[in-house]
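Engineer: Sequence and computational prediction follow.
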Amino acid sequence: MTQLTGRPILGAPGELGARPVLSALLAGVRTALIGLCVVTVPVLGLWVVTPYADGGADGTLRLVAALWLLGHGAPVLRGAAEAPLSVTPLLLGLLAVGQLVRVAGRVTARSAGRPGRGGAPAVWAGYTAVACGVVAQCAGPGEFRARVLPDLVVVALVAGAAVAVGARPRGAVPLVTGVLERWLARLPETVRPTGGAAAVRVAALAAGGGLLAAGGLLVAGAALLGAVSTSGSSEVLAGGPAAVAGVLLVSLVLLPNAVLWGAAYALGPGFAAGEGTVVSPVRTVLGPVPDFPLFALFPEPGAGGWRLAVCVLPALAGVVPGLLLGRAAAVGGGRTGGRTGGRTGGRAHARLDGRTGERVPWSAPATAVAALATGLLVGSAAAGLGGLSGGALAAGRMAWLGPVPWWTGLAAAAWVATVAAPIAVLARARSLRAAGGRAPLLPGVLTVPARRSALLLRARAHAAVTRLSGIRSGDPDSASDADAADPAP
């Protein structure tokens, strides 16, 4: 009786493998519905409080579906002219992907060790089923229209990637570390930062955070310096509280896009604001832009040269990665013993001195290679995020807004590698000097700690004094004992 009362009744179907799959399927449906509610509640609230609203509830729900699809990167068509709308509100995308990763991780951990696994695919299936309904609701004629097959494929791919990351025991970290370790292992031994994948990953995260902070600081500074036009603000205020709240909500969901645009501006290439336009520290060429507060942050053509000062922000973002790599180089790599995720399932170990058993610090060229790998990793991420943050607002002149992905990636990689490499080499030399060792220029020249060197020199000096005293006294036994006590080099 105690076993029956202490055992949950709902646990019996789980042993047959039916309930975990059904629970995971419902978890995917619930995750998609939560994302829809995040969009639906404020949009419907604005529609309710807006006097003389243009459209009815059907048009409002269509707008909700379009925003949900745009948050996943699925483009929609707008108006009777079917103008493309593909600017992804990254805040909605981050919320959707974050929820999927968390739910997939929880479902995978819960179904581990049980028969009838399949929690992660079931989460994906439930999420995609809701996406089918959203696409069908937004597919008919109206102000916003979804393209059924392309939009459904995009949502399914995004959901599949998020679920795959969440289903891994530790997310995407082992995957990135394994790819880095395999790439570094192909380098010649003289320039190979052995066991440095973890250090490169941490340095890349620090550099990426610095670039995002630079972009956010630039956006905040432009707003505080009064870059918002007075006319645009007065028109928004004239629309009443509902118009102001709507503009604030749209600005909020596009704020991550603005931060990435600011980072591209600070890196140098800048971004486009339509066909034939460019916004960068060097020059600004602007045409007519839509009346929107975030667009009012654009600098005026011929603005003062003070904007060139923002180019120092990416340089500052490369300082911390250089210091981190220098510290890792001085101790012979990052944390050892972590799985690399390679085909052999091996482990990444730092190279050890065969005589002392201590870690061998990286050489100066290997430290520079680690900085270069950090720059390449940051550049790849910057190119991808730059492409995601841009898109089209309409056909013709507004066919592309945002950073040019490959220019942004090249600039980020160049800034980080150029700044981090010399700082890492100097930090490595300083750390080795502070630890009492000498910095090897090439691998194979082993580092001798100061304490061991002092003991060795003291023993040799004592043997030399003993040998001299034995020769002067004419005692050959003392001289032979001194020769035997002299340690081998």
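Structural biologist: Right, received. Where do you want to start? Since this is a predicted model, take the numbers as computed values, not measurements.

Engineer: For the rest of this, base every contact and every neighbour count on C-alpha atoms.
Structural biologist: OK.

Engineer: gap between the closest residue to residue 120 other than its chain neighbours and residue 19?
Structural biologist: Closest residue to residue 120 in three dimensions, ignoring its sequence neighbours and counting by Cα to Cα, 6 or more residues apart in numbering: residue 104, at 5.6 Å. With distances taken as Cα to Cα, to the nearest Å, residue 104 is found 16 Å from residue 19.

Engineer: Any stretches of the stretch 251-400 of the chain with poor pLDDT?
Structural biologist: Scanning the stretch 251-400 of the chain for pLDDT under 70 picks out 302-307, 333-359.

Engineer: Run through the strands of it in chain order.
Structural biologist: Applying DSSP state E, counting those that start in this stretch to the stretch 251-400 of the chain gives strands spanning 272-273, 278-279, 284-285.

Engineer: want to throw these into CSV with mean neighbour count and distance to residue 260?
Structural biologist: Compiled in CSV, the strands of the stretch 251-400 of the chain are given as follows (neighbours: other Cα atoms under 10 Å; distance: least, Cα to Cα, whole Å):
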stretch, mean neighbour count, distance to residue 260
strand 272-273, 24, 13
strand 278-279, 24, 13
strand 284-285, 16, 18
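
Engineer: so which of the ones you listed comes closest to residue 38?
Structural biologist: Among the strands of the stretch 251-400 of the chain, the nearest to residue 38 by Cα to Cα is strand 272-273 (29.0 Å).

Engineer: where's the residue nearest to residue 120, which helix or strand?
Structural biologist: Secondary structure assigned from DSSP states H and E places residue 104 in helix 90-111.

Engineer: which helices and strands does that helix pack with?
Structural biologist: Under the contact criterion of 3 or more Cα pairs under 8 Å, 6 or more residues apart in numbering; DSSP states H and E, helix 90-111 touches helix 18-49, helix 57-71, helix 119-137, helix 148-167, helix 241-253, helix 255-267.

Engineer: per-domain residue ranges of this structure.
Structural biologist: Structural domains of the chain, as assigned by automatic domain parsing, span the residue ranges 8-167, 173-434, 450-485.

Engineer: Pull the distance from stretch 145-153 to the chain's centre.
Structural biologist: Using Cα atoms, centre = their mean, to the nearest Å, the distance from the centre of stretch 145-153 to the centre of the chain it belongs to is 28 Å.

Engineer: Name the residues that touch it?
Structural biologist: 66, 69, 74-78, 128, 131-132, 135-136, 138-140 (Cα atoms under 8 Å, 6 or more residues apart in numbering).

Engineer: Residue 425: which element?
Structural biologist: helix 405-434.

Engineer: what mean pLDDT does that helix have?
Structural biologist: Across helix 405-434, pLDDT averages out at 92.

Engineer: That helix vs helix 255-267, what angle?
Structural biologist: Counting by axes from the mean of the first three to the mean of the last three Cα atoms, to 10 degrees, helix 405-434 lies at 70 degrees to helix 255-267.

Engineer: about what we covered before: just send the strands of the stretch 251-400 of the chain back as CSV, with distance to residue 58 too.
Structural biologist: As requested, the strands of the stretch 251-400 of the chain are exported to CSV (distance: least, Cα to Cα, whole Å):
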stretch, distance to residue 58
strand 272-273, 32
strand 278-279, 39
strand 284-285, 40
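
Engineer: What are the phi and psi values at residue 395?
Structural biologist: Note on residue 395: its backbone torsions stand at phi -80, psi 170 [degrees, to the nearest 10].

Engineer: Chain neighbours aside, what residue packs nearest to it?
Structural biologist: residue 83 (5.4 Å).

Engineer: Phi, psi for that neighbour please.
Structural biologist: Dihedral angles phi and psi of residue 83 (degrees, to the nearest 10) take the values phi -70, psi 140.

Engineer: Bridging across strands, which residues link to it?
Structural biologist: Beta bridges link residue 83 to residue 78 when assigned by DSSP bridges.

Engineer: and it, how many residues sit next to it?
Structural biologist: The local packing of residue 83 (other Cα atoms under 10 Å) involves 18 other residues.

Engineer: roughly how far apart are it and residue 389?
Structural biologist: Relative to residue 389, and taking Cα to Cα, residue 83 is found at 19 Å.

Engineer: follow-up on the earlier one: the residue nearest to residue 395 is in contact with residue 77, isn't it?
Structural biologist: Yes. Residue 83 sits in contact with residue 77 when judged by Cα atoms under 8 Å, with a separation of 5.4 Å.

Engineer: which one of residue 104 and residue 19 has more residues nearby?
Structural biologist: For residue 104 versus residue 19, the count of surrounding residues by other Cα under 10 Å is larger for residue 104: 28 against 16.

Engineer: For residue 81, which three-state class applies?
Structural biologist: Look at residue 81: counting by DSSP: H, G, I helix; E, B strand; the rest coil, its state is coil.

Engineer: What are the phi and psi values at it?
Structural biologist: The main-chain torsion angles of residue 81 are listed as degrees, to the nearest 10 and equal phi -80, psi 0.

Engineer: per-residue pLDDT, the residue nearest to residue 120?
Structural biologist: Reported pLDDT at residue 104 in the predicted model: 90.

Engineer: residues in contact with it?
Structural biologist: The neighbourhood of residue 104, defined by Cα under 8 Å, 6+ apart, consists of 119-120, 123, 163-164, 166-167.

Engineer: rerun at 10 Å
Structural biologist: 24, 27-28, 98, 110, 119-124, 162-168 (Cα atoms under 10 Å, 6 or more residues apart in numbering).

Engineer: Could you do residue 135 as well?
Structural biologist: Residues touching residue 135, when contacts are defined by Cα under 10 Å, 6+ apart, comprise 62, 65-66, 68-69, 145-149, 151-152, 155.

Engineer: Please tabulate these in a markdown table, including the columns distance to residue 286 and pLDDT.
Structural biologist: Shown next, in a markdown table, are the contacts of residue 135 (distance: Cα to Cα, whole Å; pLDDT from 0 to 100):
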| residue | distance to residue 286 | pLDDT |
| --- | --- | --- |
| 62 | 33 | 89 |
| 65 | 32 | 92 |
| 66 | 29 | 92 |
| 68 | 31 | 94 |
| 69 | 30 | 94 |
| 145 | 30 | 89 |
| 146 | 31 | 89 |
| 147 | 32 | 88 |
| 148 | 35 | 87 |
| 149 | 36 | 91 |
| 151 | 32 | 92 |
| 152 | 35 | 94 |
| 155 | 34 | 95 |
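
Engineer: Make a PyMOL selection of the buried ones in the residues you listed.
Structural biologist: Command for PyMOL, covering only those of these found buried under the criterion 16 or more other Cα atoms under 10 Å:
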select buried, resi 62+65+66+68+69+145+146+147+148+151+152+155
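
Engineer: Present the contacts of residue 135 as CSV; the columns should include distance to residue 279.
Structural biologist: As requested, the contacts of residue 135 are arranged in CSV below (distance: Cα to Cα, whole Å):
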residue, distance to residue 279
62, 34
65, 32
66, 29
68, 29
69, 29
145, 31
146, 31
147, 32
148, 35
149, 35
151, 31
152, 34
155, 32
